[in-house]
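Q: From the sequence below, what's the structure:
(3 chains)
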Amino acid sequence: MAERIRNWKIVKPNGIDSGVRIMLASVLLVLLVSCGGKKGNDTETPTVTFNCPANALQIKALEKEIPAFTRKTGIVVKLNPFSGEEKLYAMLAADQAPDIFYTNTVVRDKLAAEGYLLDLNTVGKGDPFLSRLRPAVIERGKSIDGGWYSISNWEFTCGVYYNRDVFDQLGIRYPDSLWTWNDMVEIARRLTADSDGDGRIDRYGVFIGSHFVEAFELMNHAPIHPNTILLDIAPESREVYRKYLELVANNIMPDLRRVQAMGMQAQQLLESGRVAMLVEAVPNTNLLEYLTIDVGLAPLPRFDNKKPLYFRSGSGGLSIYAGTKHPRAAWQVLKWLISDADIYRPSPVLKDVDFVNGWFAKYPRLKGSGFEAVWKLSERYNGGDPRYFVRFSSWTSHAILEQFQPLLDQLWAGSISLNDVLAEVPAINKHVLDELESLLQSNNLEPAFAKALRKEHERAKKEVADASAARR
Amino acid sequence: MIRRHFTGYGFVAPWIIGFILLTAGPMLYSLYLSLTRATLLSPPKWVGLNNYLHMVADDPLFYTSLWNTVYFVAFSVPLGLLVSLILALLLHQRLKGIGVFRTVFFLPSITNMVAVSVLWLWIFNPEFGLINTLLDAFGIRGPLWLQSESWAKPALIIMSLWGIGGTMIIFLAALQGVPQNLYEAAELDGAGKIRKFWHVTLPMISPAFVFNLIIGVIGSFQVFTQAFVMTGSAQPGSEGGPNNATLFYVLYLYKKAFQEFRMGYASALAWVLFVIILLCTVALMKMSKSRVYYEGMDQK
Amino acid sequence: MRTRRISFLARTTVQYLVLLILGTAFMVPVIWMLSSSLHDVQGVFALPFKWIPGIWHWENYYRVVTLLPFGRYFVNTLIITVPYMLFMVLSSSFAAYGFSRLRFPGRDKLFALCVATMMLPGQVTIIPLYIMYSKLGLVDTYWPLIIPAVFGSPFYIFLLRQFFLTIPRELDEAALIDGASHLRIYWSVILPQARPALATVLIFSFIGSWNDFFGPLIYINSPEKATLTLGLNLMKTQILGSGVVEWNTLMAASVLVLIPNVVLFFLAQKQFMRGINLGGIRG
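A: Numbering: from 1, shown residues only, chains lettered A, B, ... in the order given. Now for the predicted structure:
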């Protein structure tokens, strides 16, 4: 030890100079690179930034199309493909928001209420483009104050994907558009099999993810409104819940908890033959890309003696930042994206687009699968509510879901009964009203929103009071 | 003496400047926000201690998420320390190819979490998953793991063990600093392996141990990504696992801030967590003080 | 002598066996990632998973480098990571020296404050920090990703302080008597003594910056300025309704991003070998 101490100077200050040099060089490098990106404020050609959550392939395709658009309109489009909740909010807070970005229904309403979104009517009123949009698309983009804040580029319906080979093997007829829930249960029963006789089921008849229950509630005429403030489990919904739980109890659907998770598990079940029918969104690119089996497609089953209410929905859309420097140019870009940009084609939101054939061109194997019938039905009936497929996409959705989801988890797990859930509804609604009240107390709401919400709040309060009076 | 003080401040000056420029402002601002009703973006409105009162008196999910987090910390930190210390001891040897093994144990901690989450979802899949298939071979029907209220947290704790590479490396680095002559002296005294470990190795690496412990506690209290990636569901806004079994504190905070736009409340949650972690850390520091050996500590 | 030889052999065998078994368990995620990167999309989710693909889809890797300007992202990432790493090692060790070797009023309180800054969840400070950088005009540059390293990070300061505290005091006292300045002691006594710890900080800060997703996500807007992790994410995002996640390509990209980490770690871990030969195993 002593020797080491005496010889401390022997340790050379190695590389101090080269270290400093590398650091200086890298600082310079960064300076150079960052300067390269400095943009001047060009007032002649408006630049519209688009925060575009797309994959590498789509970004490439879009970038290729932009020059032609710029030549035609004189508008430069800048892509910012990196998106995230925190990023968007940070950009909005710093007044650096992109001119066009994606919002989902809940976020859109909240941002609009604080004045961050452009009312599309201000730029789009009277534009002939509006007549090309399906009316439901415009309807879905509206918020509680009557303003129009987003246009969705995408719509979907729901259907039953089924494994044709299994149907053929067992000589079961493919489902048609008249089939009912009871038919589905019956078919599922026949499809369910324990081939090796070990007491464990090897193939289940059907699987329905719990987030698709709402689709059946709609089909059963449950009163699900846009801007649903309160939690209401109507008799129609209760019936669906019971029927849904029966599927598991009767062993024709796997225990929800054995499959219900993130990722591809439901699709894996169908592909691997563990499940013969699966309820999913139509169309669903990830599913189509993944499945290799011969798959057929049927509409959702109806409920006995009830008119079917197929629906079409879309959960997100493109919005324009209220602080944009070029609202008109942004509107031009928005229109171009939805109607012309290749990555958004074929668009289901435009009336004048042959979506079915466009989709066949993308996925030829869908021909003869039943896709066309399912899609056309969703158009013809346009039932349920055009705005929401997810029931709680509203002002109070978080307050409701926070309380309600754990109950549903327990209900599906079989640890509580439906009556236990129903017993909690008044408490949840009280909580919801409290939350809404505190929202109204904040001073950030745009007046039109505050007014409309206050009205909704009054109505909801009365509803709760009436309900509790009725219970007494 | 004054000159010496000056030198001291000089050395820590970069950090102090950075703290003042980059850290202090946002921290104080969030403290201010915690006393307001603030949405994400709009001007805040002063509400005094309301957020804190609401949290303690009126928010069951605050307690749920705190309990989940404490559960996670209580298991993952000691387990992680133990496993990483054992691995470090195993890897602190002169064996051919030991470098490859070090790399092997370190690698999983730096693989892309989102990509690998697909694997973990499969591993924990109750029906076809790796673990349950193995258990099946022994005739054991495995649990539902991530879909089970009681097994979701253990699943995430097991998963966290694959991320201990960093902790292990710090132990390895510390083991380098243990002077061989101490072992030789102990051997002369007739000490066996275990006694050498307790009386030489452990005291000599105790500063690294304290570091790993404190950092482990700070990090685990803020566990977020695993839960966010692994136990969300198809329904937006319902992350947190079956019946909120994996609603960890920071996940809850995140939902409040970025899904519900309640930055004021989220800030209050953050500061309560700050105090909780601080108290834990101080307690651990106090407890470890007498047991840590700092060769170079100045005696006051 | 002979029995000793045999017991040595037996011990080594057991050690290798233990390492092999544990190592395999630890490598499962990495092996799976490698394997998935060579599957087709169906293969990634096939049940049961085939660890050895039937057909090796090497084209996934080709697809990554043609789909993304991988070279450019690589350079971009390097431009951030190298200065980040150097600044971090330098400034953190600097502060750690102050906190561990020097005495001045309020030192321990300052150090406690330093550690305490890690205890507040970052989620609540993102937005003010972003606003600050945006006021400075630094959004969509690499500065917000490098500047923090200039001032050191509490994590590394704490880590290095712990290691510096294990270095005997007599070393610096001898140097002081010889008239060395603290700057010189820091550079010529402490840093060489703390090589394993510095190697650790070097590795960690490289890996931290290289694999950082959140920082670049927030601060980088232009596609041409993307880092590798942002590029990786481009494989995963999709426009509602169109496009799919090519999980196999994503895995291939993840493997490519991981490789520099592995190389660096493998090279740097040699630092942990030093000093062990002195009296470890004697046959």
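
Q: Could you list which residues are in contact with the closest residue in space to B:Asn51 that isn't next to it in sequence?
A: Distance criterion C-beta to C-beta, 6 or more residues apart in numbering or on different chains; nearest residue to B:Asn51, sequence neighbours excluded, is B:Ala268 at 3.6 Å. For every residue, glycine as well, the C-beta is placed using N, CA and C. When the contact criterion is C-beta atoms under 8 Å, 6 or more residues apart in numbering or on different chains, the partners of B:Ala268 are B:Ser34, B:Leu35, B:Asn51, B:Tyr52, B:Met55.

Q: So which of those residues is the closest to chain A?
A: Lowest distance from chain A to those (C-beta to the nearest C-beta) belongs to B:Asn51, with 10.8 Å.

Q: close enough to count as contact, B:Tyr265 and B:Leu53?
A: No - at 11.3 Å, B:Tyr265 does not count as touching B:Leu53 under the criterion of C-beta atoms under 8 Å.

Q: Tell me which of those two has more neighbours.
A: B:Tyr265 (27 against 13; other C-beta atoms under 10 Å in any protein chain shown).

Q: quick one: the more buried one from chain A, how far?
A: The spacing between B:Tyr265 and chain A, counted by C-beta to the nearest C-beta, to the nearest Å, is 10 Å.

Q: who touches that residue in this structure?
A: So B:Tyr265 contacts B:Asn51, B:His54, B:Met55, B:Lys256 (C-beta under 8 Å, 6+ apart).

Q: what is the mean pLDDT for the helix or strand harbouring it?
A: Here B:Tyr265, judged by DSSP states H and E, is contained in helix B:263-289. Regarding helix B:263-289, the rounded mean pLDDT is 95.

Q: repeat for stretch C:165-185
A: On average, stretch C:165-185 scores 89.

Q: so how far is stretch A:320-333 from its chain's centroid?
A: 24 Å (C-alpha atoms, centre = their mean, to the nearest Å).

Q: got the end-to-end distance for it?
A: 10 Å (C-alpha to C-alpha, to the nearest Å).

Q: which non-adjacent residue is nearest A:Arg257?
A: Per C-beta to C-beta, 6+ apart, closest to A:Arg257 is B:Gln147, 3.8 Å.

Q: pLDDT score for the one you found?
A: For B:Gln147, the predicted pLDDT is 84.

Q: Also B:Glu184?
A: In this model, B:Glu184 carries a pLDDT of 87.

Q: swap in B:Thr225?
A: Looking at B:Thr225, the pLDDT reads 85.

Q: The residue nearest to it when sequence neighbours are not counted and C:Ser134: what is the separation?
A: Nearest residue to B:Thr225, sequence neighbours excluded (C-beta to C-beta, 6+ apart): B:Met113, at 5.7 Å. Look at B:Met113 and C:Ser134: by C-beta to C-beta, to the nearest Å, they are 28 Å apart.

Q: interface residues of the stretch 301-450 of chain A facing chain B?
A: Within reach of chain B by C-beta under 8 Å from any C-beta of the partner chain, the stretch 301-450 of chain A has these residues: A:390, A:397-398, A:401-402, A:405-406, A:409-410, A:413, A:438, A:441-444.

Q: I'd like to know which of those residues are buried.
A: A:390, A:397-398, A:401-402, A:405-406, A:409-410, A:413, A:438, A:442, A:444 (16 or more other C-beta atoms under 10 Å in any protein chain shown).

Q: among the contacts of B:Ala268, which two are most distant?
A: B:Leu35 and B:Met55 (12.6 Å; C-beta to C-beta).

Q: And the helices in the stretch 51-200 of chain B?
A: B:60-91, B:98-106, B:113-123, B:130-137, B:152-160, B:165-176, B:180-188, B:193-196 (DSSP state H, counting those that start in this stretch).

Q: hey, which of those helices is tucked in deepest?
A: helix B:165-176 (a mean of 25; mean count of other C-beta atoms under 10 Å in any protein chain shown).

Q: is any part of it close to chain A?
A: No - counting by C-beta under 8 Å from any C-beta, chain A has no neighbours in helix B:165-176; the shortest distance is 15.5 Å.

Q: Report the spatially nearest residue to the residue in the stretch 301-450 of chain A that chain B sits nearest to, omitting neighbours in sequence.
A: Nearest residue of the stretch 301-450 of chain A to chain B: A:Asn444, at 3.4 Å (C-beta to the nearest C-beta). If the residues on either side of it in the chain are set aside, A:Asn444 comes closest to B:Ser42, at 3.4 Å by C-beta to C-beta, 6+ apart.

Q: Please tell me how far that neighbour sits from A:Leu445.
A: B:Ser42 is 9 Å from A:Leu445, by C-beta to C-beta.

Q: out of these two, which sits in the more crowded spot?
A: The neighbour count for B:Ser42 versus A:Leu445, taken as other C-beta under 10 Å, is higher for A:Leu445 (22 against 19).

Q: quick one: secondary structure of that one?
A: Assigned with DSSP: H, G, I helix; E, B strand; the rest coil, A:Leu445 falls in the coil class.

Q: Model confidence for it, exactly?
A: The model's pLDDT for A:Leu445 equals 84.

Q: Name the nearest residue to it, ignoring sequence neighbours.
A: A:Leu445 sits nearest to A:Ala113 (C-beta to C-beta, 6+ apart), 5.3 Å away.

Q: Isn't the one you found up against A:Ser143?
A: Yes - using C-beta under 8 Å, A:Ala113 is in contact with A:Ser143, at 7.5 Å.

Q: Report the set of residues contacting both of those two.
A: What both A:Ala113 and A:Ser143 touch, as defined by C-beta under 8 Å, 6+ apart, is the set A:Phe449.

Q: Tell me which of those two has more neighbours.
A: A:Ala113 (28 against 25).

Q: how close does B:Val73 sit to chain A?
A: B:Val73 is 22 Å from chain A, by C-beta to the nearest C-beta.

Q: out of everything not next to it in sequence, what's closest to that residue?
A: B:Ser220 (4.4 Å).

Q: Measure how the helix or strand hosting that neighbour sits relative to helix B:263-289, angle-wise.
A: Using DSSP H and E, B:Ser220 falls within helix B:202-221. Orientation check (axes from the mean of the first three to the mean of the last three C-alpha atoms, to 10 degrees): helix B:202-221 against helix B:263-289 gives 170 degrees.

Q: What residues of helix B:202-221 count as buried?
A: Applying 16+ other C-beta under 10 Å to helix B:202-221 flags B:203-221 as buried.

Q: Quick one: mean pLDDT over that helix.
A: On average, helix B:202-221 scores 95.

Q: And for stretch A:215-230?
A: On average, stretch A:215-230 scores 82.

Q: And chain B, is that stretch touching that?
A: No - on the criterion C-beta under 8 Å from any C-beta, stretch A:215-230 is out of touch with chain B, staying 12.5 Å away.

Q: Could you pull out the buried residues of that stretch?
A: Per 16+ other C-beta under 10 Å, stretch A:215-230 contains these buried residues: A:215-222, A:224, A:226-230.

Q: now it, how far from the chain's geometric center?
A: 17 Å.

Q: Report how far apart the opening and closing residues of that stretch are.
A: End-to-end distance (C-alpha to C-alpha), stretch A:215-230: 19 Å.

Q: Could you do stretch C:209-225 as well?
A: 15 Å.

Q: Is there proximity between it and chain B?
A: Yes - using C-beta under 8 Å from any C-beta, stretch C:209-225 comes into contact with chain B via C:Asn211.
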